[in-house]
Every structure is written in structure tokens, then in C-alpha cells.
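Q: show me how the following folds:
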Amino acid sequence: MATEEIQSPELSVADQLDNEIANLRVQVDSIKRELKLQTATLITSESTRQIIQDDSGRKSRQTRSSRSQELLAKADEQNAHKQQCLYRACASITTFKVSDPDPNAVDGGNVLGLRFEVMSKSRFLRPYYVMLNRPYPNSRYLRIHRHTVPQSIPLSGIAARYLPPPAAKDDVDVKKQDLTTFARTLRRELVRHQNRSAVIGDLRKSAGLESKDAKAKEGEVSVVDISAADAQAKQIRVEWSDGRSGRLVIDDDGDIVKMVVQGENGQDREAVRQLIGGSARIEEVTKRLEST
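A: Presented below is the predicted three-dimensional model:
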């Protein structure tokens, strides 16, 4: 698919050639990715594998095609990759054991690890990890030892609710730990956070902010920046070329809570209406920006 390019008449011939070369490189990278995807799809199909095996079997061991062996090896590698992806997609939370090398570690250095898989735009992100140990004497209660969870995730609050410390001897209210609910709640928060962060990127793309070649028409008021205004990505900052700025607030699941736009004369409700209209979710705002 050819990339449309908006060029200014002031651009020199050298600048135009540089832009054309950059566009061609983008197209080449896209074609390479598509070729790699189609090759992986063909080589793992049962009919293709049978053809390669039949061709290899008709030849003697001395004259067997090295190319056929290479294709079979790549097919096995791709099948293993597909199996791994299927496992990561179905088993989004997995556990494993770790041994703490510290000689003074609690519980003999035994650590329980939780691995959380999160996907975004059909790609697996780097997994998040939570390490748990048992520091309480004569108790099997767990406590968070180490983790790679972003600071914007309320991990301490989730742990306080589902992994409370053991009660004192004279405490009548004994709270049990629920590791399963803790893991599910934490992964839900991780997915929500990633989805909110990803939708901000979609908004920028729909507004044309990710395109280096796109330029606003002379005299046209346009959105010049869309970014997260807080660590949790629940507040989105929107800025216009005429100096107006707005704040779009969404909840955990991407539902629009409210939006306020501030201009020279105070609140600009017309700008709010033009941007979100009757949208109830942030994804609907993305579609509105694409259509404008």
C-alpha cells in the first residue's frame, strides 16, 4: 500500500528525494514483514510439510537435498514458536520456583514466582514478574519479595486485600490469603493499564501526530499533542494549535468520565463536542478522529 505524502512547495529537490527514500524504506520494511508472515504460514501447513517430506524421501541419503532439510528444520522451529505463543495466550499466569542465593534469605531461600503475560496489538509484551516468599515464622502466609510491576499499578493495595499478613494470636478476625484472586486481580489491572496506554497511541495516530510528513493546512486549527497526563493513563492531555488545552478523563476500562477544554475565554464546550460528541468510550473518539 503506497504511503500518501503531503509535501510543502518550499521543500527543495533534495528534501523531496529524502522524503521519497524514507517512504520507500517504510514500504520495504512492511513488505518484508508480510513476506515473513506468509512464509511462516505456508511452511507450517500440513500440505507443504508433506510435499517437502515426500521430496526428501524419494532421494537417497547421499543425494538428499540440504534445502529440504533446512525447510523441515524451519518448519519445526515455526511450529515450536506457534506452540509457545498458544501456551502464553492460554496460560497468561504461570508459576515457577526460584532459589534465593542469599545465605541469609528467609525460608531457606525458597521463592515462588508469578509470571504475567500481556498482549498489545497482537504482540506479547515483556512479561511482568512478582516474587513471593514466606518470611513469617511457623506460617505459610506469603509476602511480596520482589516485582517488576509498574508503579502506577496499586500492587500494595491488591496485596493488602488478598495477601494479608497473619493475624496476631489475640486477634479474633483471621484473614485468609487468596493467591488465585490476587493473581487474577493483578493481571486485570496490568491489562487495563496497557490498554489505556495503547489507546493514547491510537489517538495520536488517528490525529496524524505520528506521521512525520503530515502538516496542518495554513490557518487550520488542529490537535498538536495528545499524551498521558498521569502515570495511570486515566487522564489524557489534548492540546490545539491555537493554544487551547483539554483534559479527558477515563475510568479503568476506558469509559469516558468527563472532558474539560480551557481556552482564552474559559471553558470551551464546543471543542469538547467536536472532539468526543456523544462518544461513551475512548475507542469511539479514535474513530471520530479518523473520520475527520
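
Q: what is the residue nearest to the spatial centre of the chain paired to in the beta sheet?
A: The structure's the chain has its C-alpha centroid closest to Ser120; by Cα atoms, centre = their mean the separation is 3.4 Å. Bridge pairing for Ser120 (DSSP bridges) gives the partners Arg123.

Q: verify the stated contact: it with Ala198.
A: Yes: at 5.2 Å, Ser120 counts as touching Ala198 under the criterion of Cβ atoms under 8 Å. In this view, the C-beta of every residue, glycine as well, is placed from N, C-alpha and C.

Q: wait, what's in contact with the residue nearest to the centre of the chain?
A: With contacts defined as Cβ atoms under 8 Å, 6 or more residues apart in numbering, Ser120 is in contact with 194-195, 198.

Q: quick one, which of those residues are buried?
A: By neighbour count, with 16 or more other Cβ atoms under 10 Å, the contacts of Ser120 hold 194-195 as buried.

Q: between the contacts of Ser120, which sits nearest Val249?
A: Proximity of these to Val249 was ranked by Cβ to Cβ; the top entry is Asn195 with 15.8 Å.

Q: check which helix or strand covers the closest one.
A: Using DSSP states H and E, Asn195 falls within helix 179-206.

Q: show residues contacting the very next helix or strand once past that helix.
A: Per DSSP H and E, the first helix or strand lying C-terminal to helix 179-206 is strand 223-228. Strand 223-228 is contacted from outside by 197, 200, 203-204, 207, 209, 235-241, 289, using Cβ under 8 Å, 6+ apart.

Q: these: which two are farthest apart?
A: Spatial extent of the contacts of strand 223-228 (Cβ to Cβ) is set by the pair Ser197 and Ser241 at 24.9 Å.

Q: out of the two, which sits in the busier spot?
A: Taking neighbours as other Cβ atoms under 10 Å, Ser197 and Ser241 compare with Ser197 leading, 15 against 12.

Q: list the contacts of that one.
A: So Ser197 contacts 228, 233 (Cβ under 8 Å, 6+ apart).

Q: let me know the pLDDT of it.
A: As predicted, Ser197 sits at a pLDDT of 90.

Q: now do the helices in this structure.
A: Under the criterion DSSP state H, helices of the chain are mapped to 13-43, 46-57, 66-90, 155-162, 179-206, 269-276, 282-291.

Q: worst mean pLDDT among those helices?
A: Among those, helix 46-57 scores lowest, at a mean of 69.

Q: neighbours around the residue nearest to Gly277 when sequence neighbours are not counted, how many?
A: Of all residues not flanking Gly277 in the chain, Arg288 sits nearest, at 6.1 Å (Cβ to Cβ, 6 or more residues apart in numbering). Neighbours of Arg288 under the rule other Cβ under 10 Å: 15.

Q: also Leu289?
A: The number of residues near Leu289, taken as other Cβ under 10 Å, comes to 19.

Q: against His193, how distant is Gln151?
A: Separation of Gln151 from His193 (Cβ to Cβ, to the nearest Å) stands at 11 Å.

Q: out of these two, which sits in the busier spot?
A: Between Gln151 and His193, counted using other Cβ under 10 Å, the more crowded position is His193 (20 against 8).

Q: I'd assumed Ile153 was in contact with that one.
A: Yes: using Cβ under 8 Å, His193 is in contact with Ile153, at 6.1 Å.

Q: what distance separates the start and the end of stretch 261-271?
A: 7 Å (Cα to Cα, to the nearest Å).
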